[in-house]
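**Student:** I would like the atomic coordinates for the input below:
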Amino acid sequence: MTDSILLSTKRTLGMADDYVVFDQEIILHINTVLGTLTQLGIGPELGFMIADQTATWEDFIGPGPDGTGNELRYNMIKSYMYLRVRLLWDPPTLGYVITEWREQVKELEWRINVAREDIVHPYVPPPPPEDPIDCLFDGGTPV
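**Tutor:** Coordinates of the predicted model:
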């Protein structure tokens with residue numbers, strides 16, 4: 001996926017690609033969120049920032065395990081980016097909406113972290129014991 005980080009974020013905020021009035025403010029907030037994502041273990045280890053519309057999601061997160069750029073985490077990360085930038089740049093006026101969005105941000109942070117852990121350290125079940133007697137805790141006989 002070679003989508004521009006800036007342009008896709010602007011689209012979710014309801015802005016046209018060619019409307020550049022708020023680009024510097026949006027870029028500032030995008031870079032803040034990219035810093036948070038870096039701390040969550042997403043993206044380059046040394047961090048990442050954008051300066052214009054040329055930086056893509058693939059530049060930030062890589063092509064994905066299958067090499068196609070069709071990384072499932074893109075969707076969660078794009079939603080996370082939208083919510084965080086929107087809360088920083090143009091928060092809703094109703095308190096309960098802000099509360100709900102903050103809850104969604106927390107959930108997405110957790111889910112992004114779980115997705116990252118599954119890729120970096122996939123779950124591998126422990127091997128079965130070689131001797132069934134090792135499974136007995138009460139001294140009984142194996143079935």
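
**Student:** end to end, how far does stretch 47-54 reach?
**Tutor:** 17 Å (Cα to Cα, to the nearest Å).

**Student:** Over to stretch 5-21?
**Tutor:** Span of stretch 5-21 from end to end, Cα to Cα: 17 Å.

**Student:** packing partners for the lengthiest helix in the chain?
**Tutor:** In terms of residue count, the longest helix belonging to the chain (DSSP state H) is helix 95-120. Judged by 3 or more Cβ pairs under 8 Å, 6 or more residues apart in numbering; DSSP states H and E, helix 95-120 is in contact with helix 73-89. All C-beta spots, glycine's among them, are computed from the backbone N, C-alpha and C.

**Student:** Run through the residues that contact G43.
**Tutor:** The contact partners of G43, taken as Cβ atoms under 8 Å, 6 or more residues apart in numbering, are L34, L37, F60, I61.

**Student:** so the second one makes contact with M76?
**Tutor:** No. If you go by Cβ atoms under 8 Å, L37 and M76 don't touch, sitting 10.4 Å apart.

**Student:** list residues touching both of the two?
**Tutor:** With Cβ under 8 Å, 6+ apart, L37 and M76 have common neighbours I112.

**Student:** neighbour-wise, which of the two wins?
**Tutor:** Between L37 and M76, counting by other Cβ atoms under 10 Å, L37 is the more crowded of the two (22 against 18).
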